[in-house]
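Enquirer: after the sequence you'll find the predicted model.
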Amino acid sequence: MLSLGIESTAHTFGCSIIKHCRDDRHTSGNEFILSEIRDIYKASAGWGIHPRDASKHHAMVASRILKECLKESKVDIKDIDVISYSAGPGLGPCLRIGAVISRALASYHDKPLVPVNHALGHLELGIKLCNLDNPLTLLVSGGHTMLLVYHKNKWRVFGETLDITLGQLFDQVGRKIGFASPCGNKIEDMANLSNRNVLYSLPYIIKGNDVSFSGLLSSVKKLLEKNSINISDICFSLQETAFAIIVEAVERALAFTENKEFLIVGGVSANKRLSDMLQIACKSHNCSFNSCPLRYCGDNGAQIAWTGAQMYFSDPSFGIKPENAIVDQSWRLDSVFIPWR
Ligand code: KG4
Ligand code: ZN
């Protein structure tokens, strides 16, 4: 079965075509991904994602990205079996571009249409690419900071952020420095320039299994206003504190669940320091550490194509009529029923 996935929740407009087979175990690595093309909206320096501008970007690049995606996969759109789109959570104007394009394609070519939860897409693709069974999963991105365990047809939230996400923390600090969103990788580069002699004391807030970063953000912003302080040392202190909070939550979940597989997915999983810290924690709990391959840890169409294919294959009633292609800006991952796992 051939599945076309369209991603447009926030900064990225992406398309991908994947091949899904009944016994998909014969496809290893990423060979089931026939093509994956994306274009990322860039905000102006010092600014975050402006939803209307980002949606204009998506509308402008959509046709080119789709054409390139079909060309790379050598698939004719007539041979696609199912079209999937990210229906939420995300930014309303951006989501609507993906939904409108998918709806038009599905109705013109008479294909089933599957609305996919974006966060679930990160998890499903990570599990497939890392060849895992049932991992304790950390989803860290601009939209999510969640620690999840699969149980009885749903992903259950073991812990999550009580305010801003880890990605938002880095993006807001980055913007204060003068970078353009998304800027987690620039914070990481700055932190790597620190000689690590200074660790500023910053708010460290974890309540049960839930974490909070808004106090940390305010304190870091105040430090940045003091011109005498080295920005690299601030970024280093920010990373060490935020990641220690996350690792504490992960260790608690590992001790509780005794899970022997751990997976990290989402844009922030590209951070090397976070991976290093999590690897140490996993080792001490005799658990395998797995990270979504770098190319696919940020938003992409393959996460939508793969998840939509699994949904439709397990139950064709996941397919909707094009006219019912709606979006839900705050669609929670733990509300999605999962019959295929
Ligand atoms: O998964 P993603 O592409 O989009 C969302 O679903 O939100 O994640 C984007 C987030 C942004 O906040 C970005 O700053 C962050 O991932 N990010 C990083 C790094 N690379 C991207 N954060 C920390 N370190 C990185 N190297
Ligand atoms: Zn995402």
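Expert: Structure received. Ligands and ions are numbered 1, 2, ... in the order given.
Enquirer: which parts of the stretch 1-150 of the chain sit against ligand 1?
Expert: Contacts of the stretch 1-150 of the chain with ligand 1, taken as Cβ under 6 Å from any ligand atom, map to Ala10, Ser141, Gly142, Gly143. To be clear about C-beta, it is placed using only N, CA and C from the backbone, and glycine gets the same treatment.
Enquirer: hmm, 8 Å instead?
Expert: Contacts of the stretch 1-150 of the chain with ligand 1, taken as Cβ under 8 Å from any ligand atom, map to 9-12, 90, 118-119, 122, 140-144.
Enquirer: out of the residues you listed, which sit inside helices?
Expert: Cross-referencing those against helices under DSSP state H gives His118, Ala119, His122.
Enquirer: give the contact list for the last one.
Expert: Right, His122. Leu139, Ser141, His144, Val265, Gly266, Cys292, Gln303 (Cβ atoms under 8 Å, 6 or more residues apart in numbering).
Enquirer: which residues are in contact with Leu274?
Expert: Val140, Gln239, Phe243, Ile246, Ile264, Val268.
Enquirer: can you rerun that using 10 Å?
Expert: Neighbour list for Leu274: 138, 140, 166, 184, 188, 239, 242-243, 246-247, 264, 268, 291 [criterion: Cβ atoms under 10 Å, 6 or more residues apart in numbering].
Enquirer: list only buried entries from those residues.
Expert: 138, 140, 166, 184, 188, 239, 242-243, 246-247, 264, 268, 291 (16 or more other Cβ atoms under 10 Å).
Enquirer: contacting residues around the helix or strand encompassing Glu160?
Expert: According to DSSP states H and E, Glu160 maps onto strand 154-160. Outside strand 154-160, the residues within contact range by Cβ under 10 Å, 6+ apart are 117, 119-120, 123, 136-139, 144-151, 206-211, 246, 248-250, 252-253, 256-257, 332-338, 341.
Enquirer: helices along the stretch 151-300 of the chain, start to end?
Expert: Along the stretch 151-300 of the chain, counting by DSSP state H, counting those that start in this stretch, helices occupy 166-177, 184-193, 214-225, 231-257, 272-284, 294-297.
Enquirer: dump these into JSON lines; add distance to Ile326 and mean pLDDT as well.
Expert: Listed next are the helices of the stretch 151-300 of the chain as JSON lines, based on distance: least, Cβ to Cβ, whole Å; pLDDT from 0 to 100:
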{"stretch": "helix 166-177", "distance to Ile326": "26", "mean pLDDT": "96"}
{"stretch": "helix 184-193", "distance to Ile326": "31", "mean pLDDT": "97"}
{"stretch": "helix 214-225", "distance to Ile326": "31", "mean pLDDT": "97"}
{"stretch": "helix 231-257", "distance to Ile326": "33", "mean pLDDT": "97"}
{"stretch": "helix 272-284", "distance to Ile326": "35", "mean pLDDT": "98"}
{"stretch": "helix 294-297", "distance to Ile326": "27", "mean pLDDT": "96"}
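Enquirer: tell me which of those helices is the most buried.
Expert: Per residue and on average, the most neighbours among the helices of the stretch 151-300 of the chain fall to helix 166-177, with a mean of 22 (mean count of other Cβ atoms under 10 Å).
Enquirer: give me the packing partners of that helix, helices and strands only.
Expert: Packed against helix 166-177 by the contact rule (3 or more Cβ pairs under 10 Å, 6 or more residues apart in numbering; DSSP states H and E) you find strand 136-140, strand 145-151, helix 184-193, helix 214-225, helix 231-257.
Enquirer: may I have the phi/psi pair for the residue in the stretch 151-300 of the chain that ligand 2 sits nearest to?
Expert: Per Cβ to the ion, Asp299 is where the stretch 151-300 of the chain lies closest to ligand 2, at 4.3 Å. When read as degrees, to the nearest 10, the backbone of Asp299 gives phi -60, psi 140.
Enquirer: now do the contacts for the most centrally placed residue in the chain.
Expert: Central residue of the chain (Cα atoms, centre = their mean): Gly266, 3.3 Å from the mean position. Going by Cβ under 10 Å, 6+ apart, Gly266 touches 119, 122-123, 126, 137-146, 165-167, 292, 297-299.
Enquirer: again, 8 Å this time
Expert: When contacts are counted by Cβ under 8 Å, 6+ apart, Gly266 is found next to His122, Leu138, Leu139, Val140, Ser141, His144, Gly167, Cys292, Cys297, Gly298.
Enquirer: repeat that for Val116.
Expert: Taking Cβ under 8 Å, 6+ apart, we find Val116 in contact with Gly5, Ser84, Tyr85, Ser86, Ala87, Ile304, Thr307, Gly308, Met311.
Enquirer: doesn't the fifth one lie inside a helix?
Expert: Translated: Ala87. No. Counting by DSSP: H, G, I helix; E, B strand; the rest coil, Ala87 is not part of a helix but strand.
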